[in-house]
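Trainee: sequence first, predicted coordinates after that:
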Amino acid sequence: MTARAGLTLRSRVLIGLGAIAAIAIAISIVVTAVTHTFLMSQLDDRLATSSVSLGSRGEPRLLTECGSGDTSGSESDAERPSDVFRGYVDAAGSCFVLFTPTTMDADNSYPVLDDVTMPTEGGVYLTVPSSDGDDSYRVLARPASFASGVTEITALSTEGVEAATHRLVLIEAAGVAAVLAGLAAVAWFVISLGVNPMRRMVAASSRIAEGDLDVRLEGAGHGSESAELATSLNAVIGTLTASLEERERSEARLREFVADASHELRTPLTTVLGYAELYRRGAIARDEDVADAWRRTEAEAERMKRLVEDMLTLAKYDAEPQLNPIPLDLAHVCGEVVRDATAAREGVTFTLDAPEPVTIEGDPDRLRQAVINVVTNAAIHGGDHVTVRVRQDDALARIEVLDDGPGMAPEIAARATERFVRGDHSRARATGGSGLGLAITAAIIAVHGGTLTVESTEGDGTTVTIALPAAPAQLSGAR
């Protein structure tokens with residue numbers, strides 16, 4: 001059991017085909033032996049039929065010795081076409097011919113009965129050599145009825161049997177050779193298209209197991225099992241490679257997020273701890289200084305609170321956001337946001353371009369928050385004029401927020417929706433938020449089944465586009 005389990009597929013194929021070849025050879029040998037035995041049996045039947053008792057022919061006459069070729073003893077028998085050799089052996093062991101075959105050259109071939117023990121009773125079938133050494137004879141010897149000590153001899157040449165057997169052997173040899181050639185071709189085909197590709201895939205799999213994920217498996221041909229297996233495994237390897245790359249990117253983003261969050265929290269914490277230490281040491285004694293310290297401490301604590309709330313909001317969207325979708329008009333939502341921003345931001349001109357209602361299905365509070373984040377971000381960093389456009393394009397509702405500010409480099413714009421990414425890279429509080437506004441907006445739009453893109457050119461402003469399904473549809477984040 002252990003030895004069989006340890007055989008390779010190549011060995012099993014070769015052993016199986018070798019067993020088939022051995023069976024074919026064994027069958028050929030058996031067929032040859034059975035056929036030869038059958039033909040000899042037929043020859044024996046003919047001998048039995050041809051061995052009429054010599055006594056029925058009258059008184060025996062002395063004829064020439066076996067092999068002399070003299071057939072004068074029976075003219076009618078000599079002229080009768082026959083392949084039977086008839087004669088007898090006397091008590092002294094001399095062989096005499098009654099008649100020889102007329103269908104063959106009897107002068108050159110006759111049975112050699114030297115050193116053959118004649119039976120004293122019953123008939124015995126013997127196979128003896130011929131006189132010319134090229135053939136043999138099948139002989140039926142039995143005691144004569146006309147005289148004591150005399151043995152009747154009836155013989156037939158085995159040339160026909162041997163020729164038929166020889167032809168059968170040649171045919172079987174050709175057949176076995178063809179079978180062996182076919183089995184060799186099958187073995188080559190199976191090993192080349194089945195076994196060798198599997199061995200290559202095993203070697204490639206070992207390299208993959210060692211960590212070389214650039215290796216790809218190669219099958220044999222198109223449509224074969226090994227090719228389909230290689231295609232499937234390559235797809236698995238590709239998915240695994242992509243997953244590992246995404247995991248590495250996620251880990252890198254996580255490390256960056258932790259570093260950025262720590263940096264954002266460290267500044268207000270340092271401020272709070274600094275004022276607390278100054279107050280504890282008595283460095284802040286005047287009432288106006290104490291009031292200013294508490295005001296600054298409260299402002300930094302409020303900043304930390306907003307930062308923590310933003311991170312909690314992102315964590316909720318990463319987990320299972322709770323939405324309350326209803327039909328709403330994006331043009332109306334954007335109009336309210338623009339009016340509020342106009343009242344809150346002096347020195348910035350807001351323009352709404354919404355010629356017709358655009359109805360979608362979404363959570364009004366979350367979408368309002370998303371639009372507010374984008375418009376506020378444009379007002380803080382975008383310059384003096386902000387335009388909000390609302391359009392319906394086929395099955396998508398689009399909100400475009402354009403500003404005439406300094407813009408961003410393309411590599412920064414491509415990462416604008418990532419967490420803690422800001423266009424100026426500075427951490428000064430005067431520049432605005434912590435870089436989570438667009439990340440929260442992108443998360444809100446994503447759970448509504450939409451997309452958020454940022455296009456910007458340095459010195460030529462920024463355009464933020466929100467695309468949402470215009471037709472009522474199942475929301476990807478709703479529960």
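Mentor: Okay, I see it.
Trainee: quick one: low-confidence residue ranges for the stretch 101-250 of the chain.
Mentor: Residues of the stretch 101-250 of the chain meeting the criterion pLDDT under 70: 103-108, 193-194, 219-224, 226.
Trainee: okay, now the domains of the protein?
Mentor: Following automatic domain parsing, one finds the domains of the chain at 1-50+158-200, 59-157, 216-319, 321-469.
Trainee: how about those, which one is nearest Glu210?
Mentor: Among those, the nearest to Glu210 by Cβ to Cβ is domain 216-319 (13.4 Å). For every residue, glycine as well, the C-beta is placed using N, CA and C.
Trainee: show me where the stretch 301-450 of the chain has helices.
Mentor: Assignment of helices within the stretch 301-450 of the chain using DSSP state H, counting those that start in this stretch yields the ranges 330-344, 364-381, 410-414, 437-447.
Trainee: please save the CA atoms from the third one in CSV.
Mentor: What it means is helix 410-414. Once side chains and other backbone atoms are set aside, the C-alpha atoms of helix 410-414 remain, and they are given as CSV (Å, rounded to 0.1, in the frame of the first residue of the first chain):
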residue,chain,number,x,y,z
PRO,A,410,-2.0,66.4,-9.4
GLU,A,411,-0.4,63.9,-7.0
ILE,A,412,-2.1,65.7,-4.0
ALA,A,413,-5.4,65.9,-5.8
ALA,A,414,-5.3,62.2,-6.5
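Trainee: which elements pack onto that helix?
Mentor: Under the contact definition 3 or more Cβ pairs under 8 Å, 6 or more residues apart in numbering; DSSP states H and E, helix 410-414 sits against strand 451-456.
Trainee: angle of the strand it packs on against helix 437-447?
Mentor: Angle of strand 451-456 versus helix 437-447, following axes from the mean of the first three to the mean of the last three Cα atoms, to 10 degrees, is 140 degrees.
Trainee: give me the contacts around strand 451-456.
Mentor: Counting by Cβ atoms under 8 Å, 6 or more residues apart in numbering, the neighbours of strand 451-456 from elsewhere in the structure are 407-410, 412-414, 416-417, 438, 441-442, 445-446, 462-467.
Trainee: low pLDDT regions in the stretch 351-479 of the chain?
Mentor: Counting by pLDDT under 70, the stretch 351-479 of the chain has low-confidence residues at 419-435, 471-479.
Trainee: if you set the cut-off to 80 instead, what comes out?
Mentor: Within the stretch 351-479 of the chain, the ranges that satisfy pLDDT under 80 run 381-383, 394, 409-440, 459, 470-479.
Trainee: that older thread, quick one, which of the helices of the stretch 301-450 of the chain is nearest to Ala203?
Mentor: The closest approach between Ala203 and any of the helices of the stretch 301-450 of the chain, judged by Cβ to Cβ, belongs to helix 410-414 at 40.7 Å.
Trainee: what segments of the stretch 1-150 of the chain are helices?
Mentor: Assigned by DSSP H, counting those that start in this stretch, the stretch 1-150 of the chain shows helices spanning 2-5, 9-50, 75-79.
Trainee: which of the ones you listed is buried the deepest?
Mentor: The highest mean neighbour count among these, using mean count of other Cβ atoms under 10 Å, belongs to helix 9-50: a mean of 14.
Trainee: that one - contacts with which helices or strands?
Mentor: Here helix 9-50 is seen to pack against strand 84-89, strand 136-143, strand 151-157, helix 159-190 when contacts are counted using 3+ Cβ pairs under 8 Å, 6+ apart.
Trainee: report the angle between that helix and helix 159-190.
Mentor: Using the same axes, to 10 degrees: helix 9-50 against helix 159-190 is 170 degrees.
Trainee: average pLDDT for helix 9-50?
Mentor: For helix 9-50, mean pLDDT is 88.
Trainee: can you map out the strands along the stretch 251-400 of the chain?
Mentor: Across the stretch 251-400 of the chain, reading from the start of the chain, the strands by DSSP state E, counting those that start in this stretch fall at 326-329, 349-353, 359-362, 385-393, 396-403.
Trainee: hmm, who's touching the fourth one?
Mentor: The one in question is strand 385-393. Under Cβ under 8 Å, 6+ apart, the answer for strand 385-393 is 330-331, 334, 337-338, 341, 348-354, 356, 358, 371, 375, 378-379, 397-404, 470.
Trainee: in it, which residues are buried?
Mentor: When burial is assessed from 16 or more other Cβ atoms under 10 Å, strand 385-393 yields the following buried residues: 385-392.
Trainee: same check on stretch 243-256?
Mentor: For stretch 243-256, the buried set under the neighbour-count rule, 16+ other Cβ under 10 Å, is empty.
Trainee: distance check, the residue sitting nearest the centre point of the chain against Val190.
Mentor: Among the residues of the chain, Leu229 comes closest to the average C-alpha position under Cα atoms, centre = their mean, at 0.1 Å. As for Leu229, its distance to Val190 is 15 Å (criterion: Cβ to Cβ, to the nearest Å).
Trainee: picking that back up, got the helices and strands packed on helix 9-50 as TSV, with distance to Thr32 and mean neighbour count columns?
Mentor: Putting these into TSV (distance: least, Cβ to Cβ, whole Å; neighbours: other Cβ atoms under 10 Å) gives the following:
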stretch	distance to Thr32	mean neighbour count
strand 84-89	27	23
strand 136-143	17	20
strand 151-157	20	24
helix 159-190	6	14
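Trainee: need the ones you listed in JSON lines (columns: distance to Leu273).
Mentor: Conversion of those to JSON lines gives the following (distance: least, Cβ to Cβ, whole Å):
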{"stretch": "strand 84-89", "distance to Leu273": "133"}
{"stretch": "strand 136-143", "distance to Leu273": "122"}
{"stretch": "strand 151-157", "distance to Leu273": "126"}
{"stretch": "helix 159-190", "distance to Leu273": "77"}
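Trainee: go through the ones you listed and name the closest to Ala283.
Mentor: Evaluated over the helices and strands packed on helix 9-50, closeness to Ala283 peaks at helix 159-190, with 90.3 Å, by Cβ to Cβ.
Trainee: coming back round to it: which one of the strands of the stretch 251-400 of the chain lies nearest to Ser131?
Mentor: Proximity to Ser131, assessed across the strands of the stretch 251-400 of the chain by Cβ to Cβ, is greatest for strand 396-403 (109.9 Å).
Trainee: check which helices and strands the closest one sits against.
Mentor: Counting contacts by 3+ Cβ pairs under 8 Å, 6+ apart, the secondary-structure elements packed against strand 396-403 are helix 330-344, helix 364-381, strand 385-393, strand 462-469.
Trainee: just give the number of residues close to Thr351.
Mentor: By the other Cβ atoms under 10 Å criterion, the neighbourhood of Thr351 contains 12 residues.
Trainee: in the sheet, which residues pair with it? Tell me.
Mentor: Per DSSP bridges, the residues bridged to Thr351 are Thr387.
Trainee: and for Ala283, the neighbour number?
Mentor: Neighbours around Ala283, by other Cβ under 10 Å: 11.
Trainee: now it: phi and psi?
Mentor: The main-chain torsion angles of Ala283 are listed as degrees, to the nearest 10 and equal phi -70, psi -20.
Trainee: any idea how far it is from Arg296?
Mentor: Ala283 sits 14 Å away from Arg296, taking Cβ to Cβ as the criterion.
Trainee: Ile372 now?
Mentor: Taking Cβ to Cβ as the criterion, Ile372 is separated from Arg296 by 27 Å.
Trainee: again with Tyr137
Mentor: For Tyr137, the distance to Arg296 (Cβ to Cβ) stands at 134 Å.
Trainee: Glu225 too?
Mentor: Distance of Glu225 to Arg296, computed by Cβ to Cβ: 74 Å.
Trainee: for Gly149, which non-adjacent residue is closest in space?
Mentor: The spatial neighbour of Gly149 that comes closest, neighbours along the chain excluded (Cβ to Cβ, 6 or more residues apart in numbering), is Ala91 at 3.3 Å.
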